[in-house]
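> Quick one: sequence plus predicted model below, questions after.
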Amino acid sequence: MKNYIKIIFALLTGFLISSCDKDQEMAVLELEAKPTLTADATNFVLTKDDENKKAVRFSWTNAVYSPAVGMKNQLQFAVAGTDFESTVNTDAGEKSTSIEYTVKQLNAVALGLGLAPGQAAEVEVRLQTTISERMDPIFSEPIKLKITPYLTDYPDFFIVGEASAVGWNAGDAQKLFKDENINTIYTELKSGKAFRFLGQQDWSPLNYSIDDPQTKPENRYFKTFSSNLAVNDNENMKFTGPTGMYKIVINSDPSAKSINITPSAVAVADPANLYLVGSVNGWDAGSAIAMTKVGTGRFELNIVLPDDAEFKFIGQQSWGDLDWGDIDGAGNTGFLAPKGANNNVKFNGGGKTYKVTVDIPRGIYKINLP
């Protein structure tokens, strides 16, 4: 037993001596030169059309330690003047001394820092060098960049409020049809009532209202708006036009941020009847298939739909003024548009039975298995 104790004591002693030696080696490690960083460009107006082109090349000289040690480099980006409190980082490799960013990659960095699309802002970038978790990293002198990013995706808008057809239930907020930066819906609005737009079917995080000092800063969005809108309170807008069906168009391009509300070509929100007409009945309006009314401006119909079925909705068994179809060409977007602005609903049903539901006040239709 004594021999075992001696062996264990010897091993522990050797380990402690070895650890002390390593600490002594770390203690005499000297930084002879800090890393340096350069960029071949510093001013950027980024555009989506150029996203695959080179934007900038960063080059650096590594830190010099004596004795030489392995090190890890990162590029750190931060909004200028924030002392790099919040950063977007890119690993720079262990052996590389340069890295190139495409327009798309640099734009992602800018958006990651919270820069507003279409607006120039100053950014700082530096090289961080780390050699050990037990030692503080060292940094190059920062470089200042001026970046104008572009929007990679345009926001969604959901209407909610007393003026709308959905009321104040955020979970039921009605999404607008989006085509790039243009969001559209034909829907009912009530006079003198409040509403707003959400960025999701929830109260947070995104709300959109008029850009006005009376509106909470975080909700200010629409720079220009039609004359039938007014600031209602610190979160909402008020619709001041007559109650009826309207076309709402939002342009979310950062240079526009506009909303325009005009009367719909079909003013009726609650027709007495609604019929389906199309390829399923030879496009004979006189024999259009009656739908069942299930609520105010709401109708439904169970029907067998083959592939390549095309149809529209009409308010009479004839080709008249009450006419609704798809908002975006022949297709199945789920959004209604009135006569003069619509196309056929097109659906591949495969010969199955579907429930077709139309909600005119909300400006939507649905095709689901019953």
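Thanks, I have it. Residues are numbered from 1 along each chain as shown.
> quick one, strands of the stretch 1-150 of the chain?
For the stretch 1-150 of the chain, the strands defined by DSSP state E, counting those that start in this stretch occupy 30-33, 36-39, 43-45, 54-61, 64-66, 72-79, 88-93, 98-102, 121-130, 138-139, 143-148.
> Confidence-wise, which of those is weakest overall?
Here the lowest mean pLDDT among the strands of the stretch 1-150 of the chain goes to strand 88-93, at a mean of 86.
> Pretty sure Gly340 is one of the things Trp324 touches, is it not?
No - Trp324 is beyond contact range of Gly340, at 10.9 Å (criterion: Cβ atoms under 8 Å). Bear in mind the C-beta positions are built from the backbone N, C-alpha and C, glycine included.
> any common contacting residues for those two?
By Cβ atoms under 8 Å, 6 or more residues apart in numbering, Trp324 and Gly340 have no common neighbours.
> So for these two, which residue has more residues nearby?
Trp324 (25 against 9; other Cβ atoms under 10 Å).
> if we look at the sheet, which residues does the more buried one bridge to?
With DSSP bridges applied, Trp324 shows beta-bridge pairing to Phe313, Pro338.
> Just the pLDDT at it, thanks.
98.
> still on that earlier bit, and of the strands of the stretch 1-150 of the chain, who's closest to Phe311?
With Cβ to Cβ as the measure, strand 98-102 is the member of the strands of the stretch 1-150 of the chain nearest Phe311 (46.0 Å).
> Now that closest one: buried residues?
For strand 98-102, the neighbour count (16 or more other Cβ atoms under 10 Å) marks Ile99, Tyr101, Thr102 as buried.
> I'd like these as TSV, with distance to Phe44 appended.
Converted to TSV, those look like this (distance: Cβ to Cβ, whole Å):
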residue	distance to Phe44
Ile99	16
Tyr101	10
Thr102	11
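> how near is Arg220 to Gly199?
Using Cβ to Cβ, to the nearest Å, Arg220 is found at 14 Å from Gly199.
> Equivalent analysis for Tyr246, please.
Between Tyr246 and Gly199 the computed distance is 21 Å (Cβ to Cβ).
> Look at those two and report which has more neighbours.
Using other Cβ under 10 Å, the more surrounded residue of Tyr246 and Gly199 is Tyr246, with 24 against 16.
> what is the more buried one paired to in the beta sheet?
Beta bridges link Tyr246 to Thr187, Pro263, judged by DSSP bridges.
> Spatially central residue for the chain, please.
Pro155 (4.7 Å; Cα atoms, centre = their mean).
> Now that one: which helix or strand?
Pro155 belongs to no helix or strand when elements are defined using DSSP states H and E.
> OK, contacts around it?
Per Cβ under 8 Å, 6+ apart, neighbours of Pro155: Gly199, Leu206, Tyr208, Ser252.
> The first one touches Val160, doesn't it?
No - Gly199 sits out of contact with Val160 when judged by Cβ under 8 Å, with a separation of 11.1 Å.
> Quick one: residues contacting Ile182.
Contact analysis of Ile182 by Cβ under 8 Å, 6+ apart lists Val249, Ile250, Asn251, Ser252.
> One more pass at 6 Å, please.
Contact partners of Ile182, counting by Cβ atoms under 6 Å, 6 or more residues apart in numbering, are Asn251.
> Lys34 now?
Going by Cβ under 6 Å, 6+ apart, Lys34 touches Ala63, Ile138.
> Look at it and report its pLDDT.
Note on Lys34: pLDDT of 93.
> cool, Leu151 as well?
pLDDT for Leu151: 84.
> swap in Lys95?
Value for Lys95, per-residue pLDDT: 79.
> What of Gly331?
Listed pLDDT for Gly331 reads 92.
> What is the neighbour count of it?
Look at Gly331: counted by other Cβ under 10 Å, it has 16 neighbours.
> That one: what's it in contact with?
Per Cβ under 6 Å, 6+ apart, neighbours of Gly331: Lys346.
> any idea how far the residue nearest to the centre of the chain is from Leu198?
Going from Pro155 to Leu198 by Cβ to Cβ gives 10 Å.
> Domain ranges for the protein, per the record?
Taking automatic domain parsing as the reference, the chain has its domains at 30-148, 158-263, 275-368.
> mind giving me TSV with the ones you listed and columns for distance to Ala269?
Listed next are these as TSV, based on distance: least, Cβ to Cβ, whole Å:
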stretch	distance to Ala269
domain 30-148	36
domain 158-263	5
domain 275-368	5
